[in-house]
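how would this look folded up:
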Amino acid sequence: MSLIVQQLDQADVMLTNALNEPTIRQRLAAVGYSEAKIQLGISTVANARAQAKSHQVSYTSKKLASRQVQTELVSLRQLLVEHRAVARMAFRHQPEMHVTLQLDTKISRKQSVWLDQAADFYESLLTQAKVMQRYDVTKDELEQARGQLQSIKNLRLNNLQKKGKAQHATQQRDVALKELSQWLSRFKAAARLALADEPQLLEVLGIVVTA
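From the prediction side, this is the model:
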């Protein structure tokens, strides 16, 4: 259980006990914390819990999307390496094709750059599909590689969108938790005032009483 969930559970117990224990409820009402006001606190806890859940869902979705992108990238890059090796063999006597296919250029380590290299490579190589067929690389295989490239571009865009949603969810969660923290701080101060002569009742609320 996360620390945030523990804190929310503790807040729920505190406010529920404040309503269910008659003496505590009466004492709190005397210092301005009516049942309606305590219910407002319970709603504040519920909102913080909902925002925390939304944050968790958003980040899980982002993590899964990122993992999918990485899996596809590794797969395509390996395929690109293999197809470039076959192309070097297939066009070993055609230096102009080496230039067209950029076979003498190293595959970049930068993701956006090597994806562009792959796009140019497959676009040009598909015009030479019959040559590649002689080396057991079919046109369908090349088209699938190009399709995988487009799929990766879509996945990367989706991943960016999920990242943005996750960041927004974090902001919303933090705002809700701050609002709850401020509300609880005021509530605890009022409870200490109302129950100053009965520390055991403070303990019922989960408020630590120092000796």
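
switch to C-alpha atoms for all contacts and neighbour counts from now on
Noted.

got any ranges where the protein has weak pLDDT?
1, 211 (pLDDT under 70).

nearest residue to the middle of it?
For the chain, the residue sitting closest to the mean C-alpha position, by C-alpha atoms, centre = their mean, is Tyr59 at 2.1 Å.

Leu115 versus that one, what's the distance?
Distance, Tyr59 to Leu115, by C-alpha to C-alpha, to the nearest Å: 26 Å.

next: Val74.
According to C-alpha to C-alpha, Val74 and Leu115 sit 12 Å apart.

cool, Val5 as well?
For Val5, the distance to Leu115 equals 42 Å [C-alpha to C-alpha].

ok, those two, which is more surrounded?
Leu115 (22 against 14; other C-alpha atoms under 10 Å).

next up, phi/psi of the residue lying farthest from the centre of the chain, please.
Computed with C-alpha atoms, centre = their mean, the residue of the chain farthest from its C-alpha average is His93, at 49.8 Å. The phi/psi pair for His93 (degrees, to the nearest 10) reads phi -100, psi 10.

how much space between it and Ala87?
For His93 relative to Ala87 (C-alpha to C-alpha), the value is 11 Å.

and Arg27, how close does it get to Glu35?
To Glu35, Arg27 is 11 Å away according to C-alpha to C-alpha.

revised request: answer the last question for Glu82.
Distance, Glu82 to Glu35, using C-alpha to C-alpha: 71 Å.
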